[in-house]
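Just a sequence and a predicted model for now, questions to come.
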Amino acid sequence: MRAHSLLAVLVISSSLAHAQNAQISARVTDAQGKPVADAVVVAVPSDGNVKLPARPPQDVVDQVDKEFVPKVQAILVGTAVTFPNRDSVRHQVYSFSPARRFELPLYTGVPQAVTFDKPGVVVLGCNIHDWMVGYIYVSESPYFAKTNAEGKAVLADLPPARTSSAYGTRSFPSPKTPRARTSTPRAPGATMSRGRSSSSRK
């Protein structure tokens, strides 16, 4: 399986202590200052106080024209994801990622949903079409967003919380954590730059 896309994940603990709900605006760039699309930005209150949905959420990753759509999907831990096959050929979706190992035998239509009950990055592949690669980021925090083509994302309606101003960055599929430049957050916005861009092949 070949992996060319980059999933950048920024885990944010922001310094917010407001009576009203807060908002974080993030911009993710590479070493050349170019925007990084499809980066997952996650806000994590340092006190661990997060409000989870009463019912397990559901989501969808389609297969269209022999590609995963969307290429990168961010979900909350416990989410059940279906993988509809919109193509005229059969697919065999699988993952060997530690966060969720599974395999859907050759199928058309809509198979049984797969529940992602552990946080982490899950790399998707197809045993029939080895160029098909997708990513699912499974978040423990319900406060996340994916950057647009301009590398921008907004996390709105964050609960008021007093947290430490600590930042961390992780990337996939690169096995090494890249250098990262971060700035102290300010409500309602914060700006983050990712130190470098990379890709890998499997």
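That came through fine.

So if we follow the domain assignment, how does this structure break up?
7-50+143-194, 58-139 (automatic domain parsing).

Surely Ala156 is in contact with Ser25?
No - Ala156 lies out of contact with Ser25 (CB atoms under 8 Å); the separation is 9.2 Å. Every C-beta, even on glycine, is put in place using the N, C-alpha and C of the backbone.

What are the boundaries of the helices in the protein?
Applying DSSP state H to the chain gives no helices.

The residue lying closest to Ser95 once chain neighbours are set aside and Thr147: what is the separation?
Computed as CB to CB, 6 or more residues apart in numbering, the closest residue to Ser95 that is not its neighbour in sequence is Val122, at 5.1 Å. Val122 is 19 Å from Thr147, where distance means CB to CB, to the nearest Å.

for this structure, which spans come out with low pLDDT?
Flagging of the chain using pLDDT under 70 yields the residue ranges 1-21, 46-49, 160-202.

so how far is the first residue of stretch 35-55 from its last?
Distance across stretch 35-55, first residue to last, is 35 Å (CA to CA, to the nearest Å).

can you pull the buried residues of it?
Going by neighbour count (16 or more other CB atoms under 10 Å), the buried part of stretch 35-55 is Pro35, Val36, Ala37, Asp38, Ala39, Val40, Val41, Val42, Ala43, Val44, Pro45, Val50.

Next, count neighbours for the nearest residue to the fourth one once chain neighbours are set aside.
So that's Asp38. The shortest distance from Asp38 to any non-neighbouring residue, by CB to CB, 6+ apart, is to Val72 (4.2 Å). Counted with other CB atoms under 10 Å, the neighbours of Val72 add up to 22.

isn't Val72 right up against Tyr137?
Yes - Val72 is in contact with Tyr137 according to CB under 8 Å; the separation is 7.1 Å.

can you give me the end-to-end distance of stretch 146-156?
First-to-last residue span, stretch 146-156, CA to CA: 12 Å.

Give me the distance between the nearest residue to Ser139 once chain neighbours are set aside and Thr147.
Nearest in space to Ser139, with sequence neighbours left out and distances taken as CB to CB, 6+ apart, is Val42 at 5.3 Å. Separation of Val42 from Thr147 (CB to CB) stands at 12 Å.
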